[in-house]
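Trainee: Next come a sequence and a model predicted from it.
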Amino acid sequence: MDLWLVILNAYNITIMKRCILLLITLAAGKLAMTQYKPAENGSSVQFTIRNFGISTGGSFRGLQGDIIFDINDLAKASLSVSIDANTVNTGNDTRDNHLRQDSYFDVKNYPRISFVSTKVSTSDKTGVLLIFGKLTIKNQTKDISFPFTATPNGNGYLFKGTFNINRKDFGVGGTSTISNNLEVQLAVLSTK
């Protein structure tokens, strides 16, 4: 009977050692991926839209999120970032307060606008990458994709890209006189 207990204990110890080794290996692999945070200073999220045929625009602040990026291993790249919808700034306080209301960004109920990548790949143009993901505004999520550049910057990267969306896809602005289509320009500085 004692021999069986010794054998069983030896077997359990071997299994436990293998499990610990597996966990250490997985943790080391995760740590090996380069992780960044978007920096508020040095980043910008701007938009341009036409109103009565005249281009107007604004910006957002409050950038937060997690970025995993290695230019040599795009298959593991992931970006999950968001901005504070309440920070909308067009240079006109009355207009900004109007944009925070229910029919536009409804910042009380939907305080953040977010983007989560699903894939990053190379493109046909040298130095230009493609990102695919899901953009969520006012709890409406749509698939988007756009080209971007990733320029090394100190201990991180400066990601720049531009994309177009239809505001009505996200329930923003109702039957307003502004154009349905707008352009978003991103410059996201990431740091370790």
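Mentor: Thanks, I have the structure now.
Trainee: and G58, how many neighbours does it have?
Mentor: 18 (other C-beta atoms under 10 Å). C-beta: built from backbone N, CA, C; applies to glycine.
Trainee: Could you find the closest non-adjacent residue to it?
Mentor: T90 (3.7 Å; C-beta to C-beta, 6 or more residues apart in numbering).
Trainee: The one you found - how many residues pack around it?
Mentor: 16.
Trainee: Kindly state the pLDDT recorded for G53?
Mentor: Looking at G53, its pLDDT stands at 84.
Trainee: Can you report how many residues neighbour it?
Mentor: 7.
Trainee: cool, and F52?
Mentor: By other C-beta under 10 Å, neighbour count at F52 equals 8.
Trainee: same question, S55
Mentor: Going by other C-beta under 10 Å, the residues that sit close to S55 add up to 10.
Trainee: Can you read off the pLDDT for the residue nearest to G58?
Mentor: Looking at T90, its pLDDT stands at 96.
Trainee: How about the contacts made by it?
Mentor: T90 makes contact with 56-58, 96, 99, according to C-beta atoms under 8 Å, 6 or more residues apart in numbering.
Trainee: in this protein, which spans are helices?
Mentor: Secondary structure of the chain (DSSP state H): helices at 2-32, 93-99.
Trainee: Can you find the helix or strand of the protein with the lowest average pLDDT?
Mentor: Counting by mean pLDDT, DSSP states H and E, the weakest-scoring helix or strand in the chain turns out to be helix 2-32, with a mean of 52.
Trainee: re earlier: pick the one among the contacts of T90 closest to G174.
Mentor: Of all the contacts of T90, L99 has the smallest distance to G174: 12.2 Å, by C-beta to C-beta.
Trainee: ok, that closest one to T87 distance?
Mentor: For L99, the distance to T87 equals 11 Å [C-beta to C-beta, to the nearest Å].
Trainee: With S176 instead?
Mentor: The gap separating S176 from T87 is 20 Å, by C-beta to C-beta.
Trainee: Look up phi and psi at T126.
Mentor: The phi/psi pair for T126 (degrees, to the nearest 10) reads phi -60, psi 130.
Trainee: on that earlier part again, which of the contacts of T90 tops the neighbour count?
Mentor: For those, neighbours were counted using other C-beta under 10 Å, and L99 has the most, 21 neighbours in all.
Trainee: how much space between the residue lying closest to it once chain neighbours are set aside and Y36?
Mentor: Leaving out its chain neighbours, the residue that sits closest to L99 by C-beta to C-beta, 6+ apart is V88, at 5.0 Å. Going from V88 to Y36 by C-beta to C-beta gives 25 Å.
Trainee: and what of T151?
Mentor: 13 Å.
Trainee: Quick check on those two: which one has the bigger neighbour count.
Mentor: Y36 (20 against 11).
Trainee: List the contacts of the more buried one.
Mentor: 66-69, 156-157, 190-192.
Trainee: So which of those residues are in strands?
Mentor: Cross-referencing the contacts of Y36 against strands under DSSP state E gives 66-68, 156-157, 190-191.
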